[in-house]
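Enquirer: fold the following.
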Amino acid sequence: MLSTHVGNSKIKRMMACASASLLLAVSPLGGVASAQTAAVPTLTVPDFTAVVDKTEGSVVNIRTTESVPVRNPAMGPNGNDPYDMFRWFFGPDFVPPGMPGPRQRNTPTPTPQEKERTVPRGVGSGFIISSDGYILTNNHVVAKSNGIFVTMTSGKEYKAKIIGTDARTDVALLKIDAKDLPPLPIGDSNKLKKGQWVLAIGSPFGLDSTVTSGIVSAINRDTGDYLPFIQTDVAVNPGNSGGPLIDLAGQVVGVNSQIISQSGGFMGISLAIPIDEVMRVVEQLKAHGKVTRGRIGVQIGPVSDEVGKAIGLAKAEGAMVSNVEQGGPADDAGIRSGDVITRFDGKAITHMTDLPRIVGATKPGKRVPMEVWRKGKTVTLQIKVGDMPAAESETDTEEPQAPKTAPVDALGLKVSPVSEAVRSKQKITGGVQVTEVQEPAATAGLAPGDIILTVNDTDVTGPDQYAKLVAGLDKSRAAAVLVMRGDQSQWVTITPGK
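Expert: Sure, this is the predicted structure:
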């Protein structure tokens, strides 16, 4: 019987309706079936206590310190000698009141020494990966610190040293002087599925040993960084960084690293680094204290559906080469601007971001096969992977100059020959240079100075041959045009005008 009393009536109605829905079911004939014949699905929420008991002792709190300058009271507000202004007016021999004896000319004014003091920098999380004291955390937790302190769940604290860090993957490997520690077992992040339950243990806002739970929201989430992330709805907040993401088997499947937030707090989306990627980094950090990655010397972009169809790809997959570094591994292997890299060392390149991850994981000096889509067919090349440097220099571009001679074509372009100086600098043998842009090329983004290298599957050798190519284009479909701007190349699609 439903209560209609004021105050708790709504709550009682909800509870009663819920109870009724569990006890009664509508029969196919419109009647009411008994509770014995109704098939009511049973939903169960997992009990996390056993997983927490098994893993909590392996998660640690990490606090860091840093040095900050302390202004000497004898110094001015800007850190300078407060009497410098007087010496500027009265000369270098000016003696401040109370200072004994005249200063000797050309004797430099003694500058009070700036002091430093150590202050707390931040709090993060980490977890034990070996019984002899190796601990994993995020690079951003320990970066720019002068002291790292690891606190166990028992309250015992250790001073840690950095074995190695990798900013690109945001991984740091620490070591403490301890034995017989309980390491967390390492799982397999490749086996994760959407909807799977996971836990996070860490120190959000400095609150040690905090457990939160949720599900895997997405896998291989591309955020533009070097790694694909595991996306979850597990509550992760500042201080959780570096802590483990744990499955129901009690194994680490990720390292909590980032949150997507407009307020700085948890908003339902958190990102973790897949543990498989992390452990590959750890192996190198243990052995060398740094990470060595492969490189091939190309700049790449995505393949759009429109461009993929225009150049004959069955699917809009792969990495479009927009620029090839002169003298680099790709240049030596024969890679050209406009090629689409579809496989590298036997691994498919589905998305553009797959290529840097696969190349980066390849040992420098190794020679591997690479498949590219070029002029409507697959070409297999052999490439020797290079070593990724700390920084790469930018190449200056030459400002193109060309006369405006040719008429506007069906693509809305006027073109002229490419000068020998530009061909030599850009390492190209053909092409035409754009001197004027009208519709439809203007809508496609072309600009004077661009160099057209290829139209559909045909390389451009000069203005006359280019004019014939454009005149023969099918005006009912878009043409794929490979355009070089500076040292970058990109496929664009242009539908010829009527």
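
Enquirer: so how far is Val198 from Lys290?
Expert: Applying Cβ to Cβ, to the nearest Å, the value for Lys290 to Val198 is 30 Å. All C-beta spots, glycine's among them, are computed from the backbone N, C-alpha and C.

Enquirer: between the two, which is the more surrounded one?
Expert: In this view Lys290 and Val198 are compared by other Cβ atoms under 10 Å, and Val198 has more residues nearby, 24 against 11.

Enquirer: the more buried one: helix or strand, and which one exactly?
Expert: Val198 is located in strand 197-202, with elements delineated by DSSP states H and E.

Enquirer: hmm, who's touching that strand?
Expert: When contacts are taken as Cβ atoms under 8 Å, 6 or more residues apart in numbering, the neighbours of strand 197-202 outside the stretch itself are 46, 48, 51-52, 55-56, 59, 124-125, 127, 209-216, 232, 234-236, 239-248, 253-254, 256, 270.

Enquirer: adjacent strands (with direction) for the strand ranked longest in the chain?
Expert: Of all the elements of type strand in the chain, the one with the most residues (DSSP state E) is strand 115-128. Take DSSP bridges as the rule and strand 115-128 pairs in its sheet with strand 59-70 (antiparallel), strand 134-137 (antiparallel).

Enquirer: please work out which of those strands is packed deepest.
Expert: Per residue and on average, the most neighbours among the strands paired with strand 115-128 fall to strand 134-137, with a mean of 26 (mean count of other Cβ atoms under 10 Å).

Enquirer: picking up where we left off before, now the strands paired with strand 115-128 in CSV, with mean pLDDT and distance to Leu453?
Expert: Written out in CSV, the entries for the strands paired with strand 115-128 read as follows (pLDDT from 0 to 100; distance: least, Cβ to Cβ, whole Å):
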stretch, mean pLDDT, distance to Leu453
strand 59-70, 86, 51
strand 134-137, 97, 47
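
Enquirer: thought Val145 was touching Arg121?
Expert: Actually, residue 145 is Ser rather than Val. Yes. Taking Cβ atoms under 8 Å as the contact criterion, Ser145 and Arg121 are neighbours in contact, 5.4 Å apart.

Enquirer: ok, these two, which is more surrounded?
Expert: The neighbour count for Ser145 versus Arg121, taken as other Cβ under 10 Å, is higher for Arg121 (20 against 17).

Enquirer: among the contacts of strand 197-202, which ones are buried?
Expert: Neighbour counting with 16 or more other Cβ atoms under 10 Å marks 48, 51-52, 55, 59, 124-125, 127, 210-214, 216, 232, 234-236, 239-247, 253-254, 256, 270 as buried within the contacts of strand 197-202.

Enquirer: taking those residues one by one, which sit in helices?
Expert: If you go by DSSP state H, the buried ones among the contacts of strand 197-202 have 51-52, 55 in helices.

Enquirer: okay if I get these as a markdown table plus pLDDT and distance to Asn139?
Expert: A markdown table is the format used below for those (pLDDT from 0 to 100; distance: Cβ to Cβ, whole Å):
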| residue | pLDDT | distance to Asn139 |
| --- | --- | --- |
| Val51 | 96 | 27 |
| Val52 | 96 | 27 |
| Thr55 | 96 | 23 |
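
Enquirer: re the thing from before, residues that sit against both of Ser145 and Arg121, list them.
Expert: Contact with both Ser145 and Arg121 is made by residues 64-66, according to Cβ under 8 Å, 6+ apart.

Enquirer: what is the nearest of those residues to Asp450?
Expert: Comparing the shared contacts of Ser145 and Arg121 against Asp450 with Cβ to Cβ picks out Glu66 as the nearest, at 49.0 Å.

Enquirer: run through the stretch 201-350 of the chain and note the low-pLDDT ranges.
Expert: Within the stretch 201-350 of the chain, the segments meeting pLDDT under 70 span 223-226.

Enquirer: could I get the full set of helices for it?
Expert: Counting by DSSP state H, counting those that start in this stretch, residue ranges of the helices within the stretch 201-350 of the chain are 275-288, 305-310, 329-333.

Enquirer: could you list the residues in contact with the shortest one?
Expert: It refers to helix 329-333. Defining contact as Cβ under 8 Å, 6+ apart, one finds that helix 329-333 is touched by 295-298, 321, 324-325, 370, 381-386, 427.

Enquirer: same question for the first one.
Expert: Under the contact criterion Cβ under 8 Å, 6+ apart, helix 275-288 has outside partners 129, 134, 136, 163-166, 169, 171, 173, 186-190, 227, 245, 252-255, 290-292, 361.

Enquirer: that'll do, ta.
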